[in-house]
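K.L.:
one predicted model, sequence on top.
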Amino acid sequence: MIGTIFTCDHKTFQLPALLAWNLLHTGSVPCDSFSVSFLFQPDMTPVLESAAGFLAMQNGKVVFKGIVDEFSIDLDAGGLTASVNGRGYAARLLDNESKPVIYQDATLSEIVRQHVTPYGIPTGEIADLRASSVYTVAAGSSQWKALDNFCRTYGGFSPRFAVDGALLAVPEKAGDSFAITDDTPVTACSLREDRYGVLSEALVIDKTRNASYSVKNQDLIDHGGVCRRVLYTPGRSTWAAMRFTGEYQIQRSKEDQRCVSVTLPGSFVAFPGDRVTLRLTRLGISGEFRVCEAENSFSNQNGAEVELTLKPLA
């Protein structure tokens, strides 16, 4: 893999051969992140001090683009080395707070123009969405929350970022598909089910109408789970929005309930959004899954490997 640094004065510097690297792709939030290390030379200090962006290329293709958060220069038994760490472009939206705004008949393009474009983030596809009600960005909201809430409320999806850093504010399209079976060279695998925080009921109350609506998670209830949340809708919400709110809260609470982690040799075999058919009879795991995270790493001692975090398709 080839790493390149972009400085704050718009210069580029190709890093020496990398001793080790780690690239985590999530496509969303928590945002992508990277870490690379290499042999240090004294003339690199000005470059590291002015480092602002990072680009990773593998076999002529972009596999990561993001911002530099920190660097270090270290002298130890392994010699004189330097490391650079950072995050994907979603960090720019997470790190910046929006001022309170009330939109009337807002479009997604307008939201992107006001909350994304000023932070130098390239845009890919933008869905043709228009708010069906007044859209409010509350005080203290990050620019990411302003964007994400709009997409979820009026489009039913969360925005994502491509590996080259471009914003994809459209419903996710299925990526590549492949299978992991007993014949696949899996070096590690784990199945985790965590019911903590999963809601058994969402009770939505509309004070202005003196009405309520209850949405229940029958699967958790059947397993003996009891975890209720009471939600109060703002005055401008409609009854239909209230029902969506309860269902939405339960679905969000279930997102991390069940996941499978699979480690394979090699790198960049999959990215978030790809589909995986699992058939691992030794672990009793089978089904269709979505890649949520892909963590690619390399070191001279261990070579290259990728850890995929998979979640069941709804």
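P.N.:
Cool, got the structure.
K.L.:
past the helix or strand encompassing residue 295, which element shows up next along the chain?
P.N.:
Using DSSP states H and E, residue 295 sits in strand 285-299. Helices and strands here follow DSSP H and E; after strand 285-299, the next one along the chain is strand 303-312.
K.L.:
tilt between that next one and strand 285-299?
P.N.:
150 degrees (axes from the mean of the first three to the mean of the last three Cα atoms, to 10 degrees).
K.L.:
export strand 303-312 to CSV, keeping only CA atoms.
P.N.:
Extracted as CSV, the C-alpha positions of strand 303-312 are listed here (Å, rounded to 0.1, in the frame of the first residue of the first chain):
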residue,chain,number,x,y,z
GLY,A,303,1.4,-9.9,6.9
ALA,A,304,-2.0,-8.7,5.8
GLU,A,305,-5.4,-9.6,7.2
VAL,A,306,-8.9,-8.2,7.2
GLU,A,307,-11.5,-8.4,10.0
LEU,A,308,-15.1,-8.1,8.8
THR,A,309,-17.9,-7.2,11.1
LEU,A,310,-21.2,-8.6,9.7
LYS,A,311,-24.8,-8.0,10.7
PRO,A,312,-27.8,-10.0,9.5
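K.L.:
so for it, what gets flagged as buried?
P.N.:
Residues of strand 303-312 classed as buried under the neighbour-count rule (16 or more other Cβ atoms under 10 Å) are 304-311. Any C-beta I mention is one placed from the backbone N, CA and C, and that applies to glycine too.
K.L.:
quick one on the thing from earlier: if you average pLDDT over the strand holding residue 295, what comes out?
P.N.:
Mean pLDDT, strand 285-299: 95.
K.L.:
also stretch 12-31?
P.N.:
Stretch 12-31 comes out at a mean pLDDT of 96.
K.L.:
endpoints of it, how far apart?
P.N.:
End-to-end distance for stretch 12-31: 24 Å, by Cα to Cα, to the nearest Å.
K.L.:
with stretch 132-139 instead?
P.N.:
Termini of stretch 132-139 sit 21 Å apart (Cα to Cα).
K.L.:
can you pull out the helices in the stretch 1-150 of the chain?
P.N.:
With helices called from DSSP state H, counting those that start in this stretch, the stretch 1-150 of the chain shows them at 45-49, 90-95, 108-115, 143-155.
K.L.:
buried sites along the longest one?
P.N.:
What it means is helix 143-155. For helix 143-155, by 16+ other Cβ under 10 Å, it's 143-151, 153-155.
K.L.:
which of the residues you listed has the weakest pLDDT?
P.N.:
Minimum pLDDT for those is recorded at residue 153 (86).
K.L.:
what residues are up against that residue?
P.N.:
Counting by Cβ atoms under 8 Å, 6 or more residues apart in numbering, residue 153 makes contact with 131, 135.
K.L.:
one more: residue 93?
P.N.:
So residue 93 contacts 115-116, 119, 121, 142-144, 147 (Cβ under 8 Å, 6+ apart).
K.L.:
return the member of those residues nearest to residue 130.
P.N.:
Relative to residue 130, the closest of those is residue 147; by Cβ to Cβ it sits at 15.1 Å.
K.L.:
and residue 32, what is it in contact with?
P.N.:
Residue 32 sits next to 23-26, 64, 66, 87-88, 90, 161 when contact means Cβ under 8 Å, 6+ apart.
K.L.:
7 Å instead?
P.N.:
Neighbour list for residue 32: 24-26, 64, 66, 87-88, 90, 161 [criterion: Cβ atoms under 7 Å, 6 or more residues apart in numbering].
K.L.:
so which of these sit within strands?
P.N.:
Applying DSSP state E to these, the entries found in strands are 24-25, 64, 66, 87-88, 161.
K.L.:
okay, residue 199: pLDDT?
P.N.:
Note for residue 199: predicted pLDDT of 89.
K.L.:
is it true that it touches residue 217?
P.N.:
Yes: contact status for residue 199 versus residue 217: in contact at 5.9 Å, counting by Cβ atoms under 7 Å.
K.L.:
pairing partners for the strand or helix carrying residue 178, with directions?
P.N.:
Using DSSP H and E, residue 178 maps to strand 177-181. For strand 177-181, the paired strands and their directions (DSSP bridges) read strand 275-280 (parallel).
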